[in-house]
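S.K.: Predicted model and sequence follow; I will ask about them next.
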Amino acid sequence: MRIQGKEFQTIWTQKRGTGPVYIIDQTRLPSEFRVQKLQSCRDAFRSIRNMQVRGAPLIGVAAAYGIALAFRETAFRRDWRNLLESRFAMLEASRPTAVNLTRALQILRPLLQCCENVEAAEITAWKYARDLRESEIAACSAIGDHGLPLIETIAASKKGEPVNILTHCNAGWLACVDWGTALAPVYKAWRKGIPLHVWVDETRPRLQGARLTAYELQEEGIAHTLITDNAGGHLMQSGKVDLLLTGSDRTSRCGDVCNKIGTYLKGLAARENGIPFYVALPLSSIDLQIRNASEIPIEERSQEEVLFIESKRRKLRIATPGTPAANPGFDITPAQLVSGLITERGICPATEAGIRAIMEDPDHAA
Ligand code: MRU
């Protein structure tokens with residue numbers, strides 16, 4: 001997608017397709033656009049843990065590149081069979097909630113374990129990371145195509161008035177490799193000339209909405225308005241929201257959606273006000289192992305993110321010293337609040353049967 005009119009993706013390598021790996025440092029946006037070079041597995045780990053890269057699909061791809069980067073380290077190459085597991089463990093511990101990260105590593109581990117030598121393992125690791133990157137781009141683009149008719153249908157009833165979409169956190173291209181999940185249908189609709197306006201939740205405490213979603217939409221020229229996290233209910237009640245669209249970090253096999261903290265409250269308000277709530281996600285964000293969403297590990301983040309506000313690397317305390325804070329990073333929206341899941345294979349109901357059908361049928365498009 002575009003920044004200052006130039007096409008970017010969130011993670012890439014030079015033409016040969018092996019390291020180093022380049023990322024956009026998202027902790028610096030929107031005040032500074034800085035590309036960072038990752039040279040080692042530890043660099044990749046740090047970039048995920050410090051949220052220089054974030055968003056479920058992107059951290060899965062970054063973790064895969066992290067393993068590939070390990071093969072650039074001389075000490076690792078010498079003893080790769082013994083050291084491999086420690087690199088997997090390090091990356092797996094970087095962020096717990098989004099299933100894309102664990103899934104990427106779970107698929108890559110046995111592929112490497114059966115390699116005959118370090119050269120073969122190195123080729124396998126780079127190929128896997130490249131393929132995952134490409135498949136996430138394709139999935140997000142397809143999510144956009146499948147979500148587009150939802151926006152077209154609403155637009156048809158609005159007689160030229162913009163379709164008002166509310167989104168939470170950043171589920172745009174910065175959270176993926178390209179296109180995004182929740183914002184992919186928005187970008188596709190915009191490119192078709194459908195009048196749109198996006199309400200952007202600021203998304204306390206890390207402000208992914210204010211810092212990243214607003215930035216993406218601004219760069220693409222899409223009308224948007226930044227709102228406080230508490231404004232959504234009022235806007236829905238006042239008839240100013242036509243559609244609620246979010247992403248998901250992990251969705252259970254029954255359709256319960258784990259996403260950025262605050263999503264649940266938006267889902268409740270949407271149900272109360274009869275507003276459709278669709279969750280856009282690649283199939284790589286569905287965890288078939290999890291039936292009961294309470295099994296999903298919810299990342300508990302630092303109190304500092306709540307007690308201070310930060311801008312341009314400066315921190316300002318906003319609560320009196322001594323006040324403790326709690327900072328769960330994600331919440332669970334029960335499946336019954338979700339109108340449907342927009343995936344790369346089409347839209348399915350947020351139910352066990354709906355998810356099974358779409359996962360088992362590669363040609364599914366509903
Ligand atoms: O903590 P973050 O910024 O990684 O959280 C991101 C989200 O919650 C997104 O909504 C989610 O990853 C799904 S969209 C790609």
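M.R.: Noted; the coordinates are in hand. Just so it is clear, the structure is predicted and the values come from calculations on it, not from any experiment. Numbering: from 1, shown residues only.

S.K.: which residues does residue 312 contact?
M.R.: Applying C-beta atoms under 8 Å, 6 or more residues apart in numbering to residue 312 gives the contacts residue 31. In this view, the C-beta of every residue, glycine as well, is placed from N, C-alpha and C.

S.K.: tell me the phi and psi of it?
M.R.: phi 50, psi 50 (degrees, to the nearest 10).

S.K.: Next: the one 4 residues further on.
M.R.: Backbone geometry at residue 316, expressed as degrees, to the nearest 10, gives phi -130, psi 120.

S.K.: One more: residue 6?
M.R.: Dihedral pair for residue 6: phi -110, psi 140, per degrees, to the nearest 10.

S.K.: who's it bridged to?
M.R.: Using DSSP bridges, the bridge partners assigned to residue 6 are residue 3.

S.K.: Could you count how many residues lie near it?
M.R.: The local packing of residue 6 (other C-beta atoms under 10 Å) involves 7 other residues.

S.K.: for residue 205, helix, strand, or coil?
M.R.: coil (DSSP: H, G, I helix; E, B strand; the rest coil).

S.K.: oh, I was asking about residue 27
M.R.: Going by three-state DSSP: residue 27 is coil.

S.K.: right, and it touches residue 51 too?
M.R.: Yes. Between residue 27 and residue 51 there is a contact at 6.1 Å, judged by C-beta atoms under 8 Å.

S.K.: Which residues of the stretch 251-366 of the chain lie near the ligand?
M.R.: 259-260, 329 (C-beta under 6 Å from any ligand atom).

S.K.: mind redoing it with 8 Å?
M.R.: 259-260, 263, 280-281, 285, 299, 329-330 (C-beta under 8 Å from any ligand atom).

S.K.: ok, of these, which one's closest to residue 22?
M.R.: residue 285 (24.2 Å; C-beta to C-beta).

S.K.: For that closest one, the count of nearby residues, please.
M.R.: 27.

S.K.: doesn't residue 100 make contact with it?
M.R.: Yes. The pair residue 285 / residue 100 is scored as a contact, 5.8 Å apart, by C-beta under 8 Å.

S.K.: which residues do these two both contact?
M.R.: With C-beta under 8 Å, 6+ apart as the test, residue 285 and residue 100 both reach 56-57, 249.

S.K.: Of the residues you listed, which ones also sit close to the ligand?
M.R.: Applying C-beta under 8 Å from any ligand atom to these, those adjacent to the ligand are 56-57, 249.

S.K.: Name the nearest residue to the residue of the stretch 151-300 of the chain found nearest the ligand, sequence neighbours excluded.
M.R.: When scored by C-beta to the nearest ligand atom, the stretch 151-300 of the chain has residue 247 as its residue closest to the ligand, at 2.4 Å. Leaving out its chain neighbours, the residue that sits closest to residue 247 by C-beta to C-beta, 6 or more residues apart in numbering is residue 171, at 3.0 Å.

S.K.: what's that neighbour in contact with, if anything?
M.R.: Residue 171 touches 55, 180-183, 213, 245-247, 280, counting by C-beta under 8 Å, 6+ apart.

S.K.: Select, from these, the two members most distant in space.
M.R.: Among the contacts of residue 171, 55 and 245 lie farthest apart (C-beta to C-beta), at 14.9 Å.

S.K.: ok, the two, which is more surrounded?
M.R.: residue 55 (30 against 25).

S.K.: Verify the contact between that one and residue 179 for me.
M.R.: No. The criterion here is C-beta under 8 Å, and residue 55 misses it with residue 179 at 11.8 Å.

S.K.: phi, psi of residue 133?
M.R.: phi -60, psi -50.

S.K.: gap between the closest residue to it other than its chain neighbours and residue 173?
M.R.: Leaving aside its sequence neighbours, residue 133 sits nearest to residue 61 (C-beta to C-beta, 6+ apart; 5.0 Å). Residue 61 sits 13 Å away from residue 173, going by C-beta to C-beta, to the nearest Å.

S.K.: Residue 68 now?
M.R.: For residue 68, the distance to residue 173 - C-beta to C-beta - is 22 Å.

S.K.: Can you pull up the residues of the stretch 1-150 of the chain that come close to the ligand?
M.R.: So the stretch 1-150 of the chain meets the ligand at 51, 54-59, 95, 97-98 (C-beta under 8 Å from any ligand atom).

S.K.: In helices, which of these appear?
M.R.: 56-59 (DSSP state H).

S.K.: Show me which residues of stretch 46-60 are buried.
M.R.: The neighbour-count check on stretch 46-60 (16 or more other C-beta atoms under 10 Å) flags 47-49, 51-60 as buried.

S.K.: same thing with stretch 155-163?
M.R.: 155, 163.

S.K.: and that stretch, what's its mean pLDDT?
M.R.: Averaged across stretch 155-163, pLDDT comes to 96.

S.K.: Can you name the residues in contact with that stretch?
M.R.: For stretch 155-163, using C-beta under 8 Å, 6+ apart, the contacting residues are 151, 154, 189, 194-197, 223, 242-243.

S.K.: mind listing which of those residues are in strands?
M.R.: Members of these lying in strands (criterion: DSSP state E): 196-197, 243.

S.K.: just the strands in the stretch 1-150 of the chain please.
M.R.: Applying DSSP state E, counting those that start in this stretch to the stretch 1-150 of the chain gives strands spanning 2-3, 6-7, 11-13, 21-24, 35-38.
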